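Participant: Here you go, sequence then predicted model.
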Amino acid sequence: MAESLIVVCPHCHAPNRLPAGRLGDGATCGKCKSALFRGEPLELDATSFDSHVGRSDVPVLVDFWAPWCGPCRAMAPAFAEAARQLEPEVRLAKLNTEEEQQLAARFGIRSIPTLVLFRKGQEIARQSGAMDAGSLLRWVRSHA
């Protein structure tokens, strides 16, 4: 039997089991019927963070950012472009550290933007500072 993966829906946050070889086949959520991959960064909050980072078998790259941060705003288009190119192999998400200060503290975020790559709930790589799309794609692909 083919390996299956848990993918969390970006809309209703329900876990979905998919065959690993079918991630890019336009999969939809079994609960809400929405697309499981949108090719754009997912906005996370304290409630949805653990669902996506802790339950998904797909690696999740989280951009810890804040609206007042110039480098964060400058990197946003590159991060969106990376989402278009990396999904469904890697889910890209953003977490506003101004609104989710406790979560940022839990992960020791001291400067922003900080990118943290998670696999099955475990941090596997971290990078602080803004990156262009090419650098971001190379960094993720070298760690995911």
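Facilitator: Here it is on my side, so go on.
Participant: now the helix or strand hosting A83, how far from the centre of its chain.
Facilitator: Following DSSP states H and E, the helix or strand that holds A83 is helix 70-86. Relative to its chain's centre, helix 70-86 lies at 12 Å (CA atoms, centre = their mean, to the nearest Å).
Participant: same question, stretch 117-135
Facilitator: 9 Å.
Participant: Show residues contacting it.
Facilitator: Outside stretch 117-135, the residues within contact range by CB atoms under 8 Å, 6 or more residues apart in numbering are 53-57, 59-62, 71-72, 74-75, 77-78, 81-82, 90, 107, 110-116, 139-140, 143-144. Where you see a C-beta, it was placed from the backbone N, CA and C, and this is true even at glycine.
Participant: do you know how far T97 is from L44?
Facilitator: For T97, the distance to L44 (CB to CB, to the nearest Å) stands at 11 Å.
Participant: Grab the nearest non-local neighbour of the residue minimising distance to the centre of the chain.
Facilitator: Centroid-nearest residue in the chain, with CA atoms, centre = their mean: L92, separated by 2.8 Å. Closest residue to L92 apart from its sequence neighbours, by CB to CB, 6 or more residues apart in numbering: A83 at 4.0 Å.
Participant: low pLDDT regions in the chain?
Facilitator: Scanning the chain for pLDDT under 70 picks out 1-2.
Participant: Break down it into its strands, ranges please.
Facilitator: Ranges of strands in the chain, per DSSP state E, are 4-8, 15-19, 42-44, 60-65, 91-96, 114-119, 122-128.
Participant: Adjacent strands (with direction) for the second one?
Facilitator: According to DSSP bridges, strand 15-19 forms sheet pairs with strand 4-8 (antiparallel).
Participant: same thing with the fifth one?
Facilitator: Note on strand 91-96: by DSSP bridges, its sheet partners are strand 42-44 (parallel), strand 60-65 (parallel).
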